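> Okay, structure incoming, though there's no sequence with it:
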C-alpha cells in the first residue's frame, strides 16, 4: 500500500528576477511501513520536500498525497496523522521535558499514557530528566525528546529532517536502532540525511541532488547498479597520486575516500594502471574495492 | 477547550519562567509612574534672569523684588551694560534680560507711562515662551499695583476696566500630575501590550516552535487566543498596578466609575494586542518587530495628545491623530479620572476603539498563515 505518493512536485523560491528552483518535478512513492531515506547534500531540496509533505509549504506544481490525503486540499487530515521532526531543535526550551511532551500530547487531543507504549523505549532514556528544561538537555537527549514529541500522537507517517546532523556516532547508531523498531510498529518513516553511510540502514533510498532525484532503489540495488570496477589506492604521496590517477585515459574518476583514493575504471585495465604507477616510481598499495552508496552518489553526480 | 486551556497554561508557564519579562511587566510601570511625572513637569521654574537696571530707583527695585519673589526667576546676573547682559545670555548664564531704562521712575510718575525692554533666549522655545509670559504677567501686575496706589480720589475708577477671575475646573489646583499620570499609564499599557505580543510570537518564529505547532491540528483561532488572553490579563494587571500607584503616590482617585474605566481599558487592550499580533505576522525576527513597534510608539506618543495638545496641531496632523488609538484612551482616561464622565460620554471613543480592535485583529488573523 502506498502511504506517500509524490508526483511532479516543483518548488521555486524568490521573485521574478532571482528564481531558485529547489525541486524540479520530483516523483516517487513510499510504501506503508517502509523506512525510506532521502539522501543528498545540503541544498539538495530535502527540507523543501518535507515541508511540502507536512503541509507547511505550498508547491508551485505537482500533487502529493500523504496517507491517502491531498497535501493541499486535505491538509487538516494530514496534520492529524503525521509526525514531523525538523532539522533544528524546535521545542519549547523554557518548558521541562515532561511539559513539552504533555503539551504536544494535548494539542493532538491525546495523553502521554495513551501512547506510552510507543515512545516508552525512547522516553525512558530521558525520563530521569523529565523535570529539566528542554533547553538544558544535551544534543542527544534533545533529539530523543523531539522524537518522543513527534510520536506522541501515534502518527501513521513520520518525517525526520536530518535527525542525525550534529549528533555523535554512538547516538546516531542508537537513533537508527530506534527507527527500525518504530518501523516494526507499522509506522512509515521518511528520513533525510546528508550522511551516505546511513543510506544502507534504510529499506529504500532516493538519491537527490540539486532538486532532482538521481536514483531510487534499495541500498543493495543501488550498489549493484554501480557496474564499474572500483579500486582503492594508497600511497605515501596522496596528492601526487590523485593527480596522476586523474590524468589516466582509462580512469573515469578518482577521488579521495578515507585513507585511500577510490578509482573508477572505464573498462577495466587494472594492470595497465599498476604498470603506469610503477613507471612513475610511485610506492603504492592497490586493491579492488566494493562500491558503496557514496561511490554511487559521486558517480551519478558526475554523470549529470 | 482543553487545547486552549493547555495553550494558556503553557504561555503562562513561559511568562513566569522568564524573569526579564516579569521585570519588564511590573517594574517598568512602577518606575515610570513614580519618577516620570516629577520630571515631565510642564511648569518652567528657575528661569535665569539678567538684570540691567539703569535707573536704580525705588520703583525699579520694587519691580525686581516682585519678580524674584514670584519664585519663577533666579537673578543670576546684575549687569551694568547691555554688552555684559548679552554676554550673560551667550555664556548661558541667563535666559532673559530685563532692561530697565534710566528714567523709568521719572517717566512713570510724570508721563504715567514707561517702557521696559525684555530680550529672551529662544533656543529652548518652551522655556522662552513661558518665561516671557510669566514676566509680562508680573509686570502687568506691578503696573496695576502702582495705579491702585495712585488713584486715591475719586474713589471709583473712572476708566472702565475688565477684571478677569478664573477657576480651574476638574483640577482645581492646576496640578499637572493629575493629567500626566493617567496619560503615562495609557502609554505604558500600549507599549507593554503591543511589544510583548509581537515579540512573543516572533520569538516562536525564530526558535522554530511555531513551525512545530503549525504541523499540528491546532486551530488558528485557538493559537491566537492562546497568545492574546495571557497578555490581555497581564495588561489589566499592569493597569490596576498603575491606578494603585496613582492613588498611593499622587492621591489620584478616579472621579468616574471604575467599571467604565476597566471596560474601556479591556477593549483598548484588545486593540493594542491586535496591533502586536499584526506586527508579528509581518516581522521575521525580533529586531524587525522591535523597530516597527518602536516607530509606531514614537508616533503614538508624540501625537497622542499627552505632551502636546492635539487642538493646536495643523489639520493634517489632527487627521493622523484620528488613527492613533492612544489619543482616544488619553482623552477617555482624563474624562473618567478627572471629570467623572459616565459611560454615555465615552460612547464615541469606545466605538472607535472597538473598531480598531476588530480591524487590527481581523487583519492579523487574515495575515497569519499556518503554511507559506
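That came through, no problem. None of the values given here were measured: they were computed from a predicted structure.
> all contacts plus neighbour counts: C-alpha atoms, from now on.
Noted.
> three-state assignment of residue A:4?
Secondary structure, DSSP: H, G, I helix; E, B strand; the rest coil: residue A:4 is strand.
> Just the helices from the chain, written as ranges.
Picked chain A for this. Remark: helices assigned in chain A by DSSP state H are A:46-53, A:75-81, A:97-107, A:116-126, A:139-151, A:169-184, A:219-224, A:238-247, A:270-279, A:293-303.
> ah, no, chain B please
Under DSSP H, chain B gives helices at B:2-17, B:19-39, B:58-69, B:82-90, B:104-111, B:125-150, B:176-207, B:209-214, B:220-250, B:258-282, B:286-302, B:315-322, B:325-334, B:347-367.
> which helices and strands sit right next to the longest one?
Secondary structure elements in contact with helix B:176-207, counted by 3 or more CA pairs under 8 Å, 6 or more residues apart in numbering or on different chains; DSSP states H and E, are helix B:19-39, helix B:220-250, helix B:258-282, helix B:286-302, helix B:325-334.
> can you state the direction angle for the second one and helix B:2-17?
Right, helix B:220-250. Calculated by axes from the mean of the first three to the mean of the last three CA atoms, to 10 degrees, helix B:220-250 forms an angle of 40 degrees with helix B:2-17.
> And for the shortest one?
Following the same axes, to 10 degrees, one obtains 80 degrees for the angle between helix B:325-334 and helix B:2-17.
> Residues in contact with helix B:325-334: which ones?
B:179, B:182-183, B:186-187, B:190, B:261, B:265, B:268, B:300-301, B:303-306, B:321, B:346, B:349, B:353, B:356 (CA atoms under 8 Å, 6 or more residues apart in numbering or on different chains).
> Return the distance of that helix from the chain's centre.
Going by CA atoms, centre = their mean, to the nearest Å, the spacing between the C-alpha centre of helix B:325-334 and its chain's C-alpha centre is 11 Å.
> what pLDDT, on average, does it get?
Across helix B:325-334, pLDDT averages out at 91.
> Same question for the fourth one.
Mean per-residue pLDDT for helix B:286-302: 91.
> What residues sit buried inside it?
Neighbour counts over helix B:286-302 (16 or more other CA atoms under 10 Å in any protein chain shown) mark B:286, B:288, B:289, B:290, B:292, B:293, B:297, B:300, B:301 as buried.
> Looking at those, spot the one nearest residue B:127.
Residue B:127 has its nearest neighbour among the buried residues of helix B:286-302 in residue B:301, at 21.5 Å by CA to CA.
> Could you find the closest non-adjacent residue to the closest one?
Spatial nearest neighbour of residue B:301, excluding adjacent residues (CA to CA, 6 or more residues apart in numbering or on different chains): residue B:187 at 6.9 Å.
> neighbours around residue B:251, how many?
By other CA atoms under 10 Å in any protein chain shown, the residues close to residue B:251 number 11.
> can you check the one 3 residues further on too?
When neighbours are counted by other CA under 10 Å, residue B:254 registers 20.
> and if you look at residue B:231?
Neighbour count of residue B:231, defined by other CA under 10 Å: 23.
> Could you report the pLDDT at it?
92.
> And residue A:83, by the same measure?
Predicted confidence (pLDDT) for residue A:83: 92.
> So it versus residue A:156, what's the distance?
According to CA to CA, to the nearest Å, residue A:83 stands 8 Å off from residue A:156.
> if you count what's nearby, which of the two comes out ahead?
Between residue A:83 and residue A:156, residue A:83 has the larger neighbour count (other CA under 10 Å), namely 27 against 21.
> Show me the beta-bridge partners of the more buried one.
residue A:158 (DSSP bridges).
> shouldn't it be in contact with residue A:151?
Yes: Residue A:83 is within contact range of residue A:151, at 6.1 Å (criterion: CA atoms under 8 Å).
> Please enumerate the shared neighbours of those two.
residue A:158.
> Name the residue of chain A that lies nearest to chain B.
Taking CA to the nearest CA, chain B has its nearest neighbour within chain A at residue A:56, 4.3 Å off.
> out of everything not next to it in sequence, what's closest to that residue?
residue B:371 (4.3 Å).
> measure that neighbour to residue B:214 for me?
Residue B:371 is 7 Å from residue B:214, by CA to CA.
> Quick one: residues contacting the one residue in chain B that gets nearest to chain A.
Closest to chain A within chain B is residue B:371: 4.3 Å, counting by CA to the nearest CA. Going by CA under 8 Å, 6+ apart, residue B:371 touches A:55, A:56, A:57, A:58, B:214.
> ok, now residue B:339?
With contact taken as CA under 8 Å, 6+ apart, residue B:339 is in contact with B:170, B:255, B:256.
> Highest neighbour count among those?
residue B:256 (19 neighbours).
> Could you measure from the nearest residue to that one once chain neighbours are set aside over to residue B:334?
Take residue B:256 and drop its neighbours on the chain: the residue closest to it by CA to CA, 6+ apart is residue B:340, 3.6 Å away. Residue B:340 sits 9 Å away from residue B:334, taking CA to CA as the criterion.
> got it, and residue A:134?
Applying CA to CA to residue A:134 and residue B:334 gives a distance of 47 Å.
> just to revisit the earlier point, is the residue nearest to residue B:256 in contact with residue B:253, as I believe?
No: with contact defined as CA under 8 Å, residue B:340 does not reach residue B:253; the gap is 10.2 Å.
> Count the residues that sit near residue B:23.
For residue B:23, using other CA under 10 Å, the count is 11.
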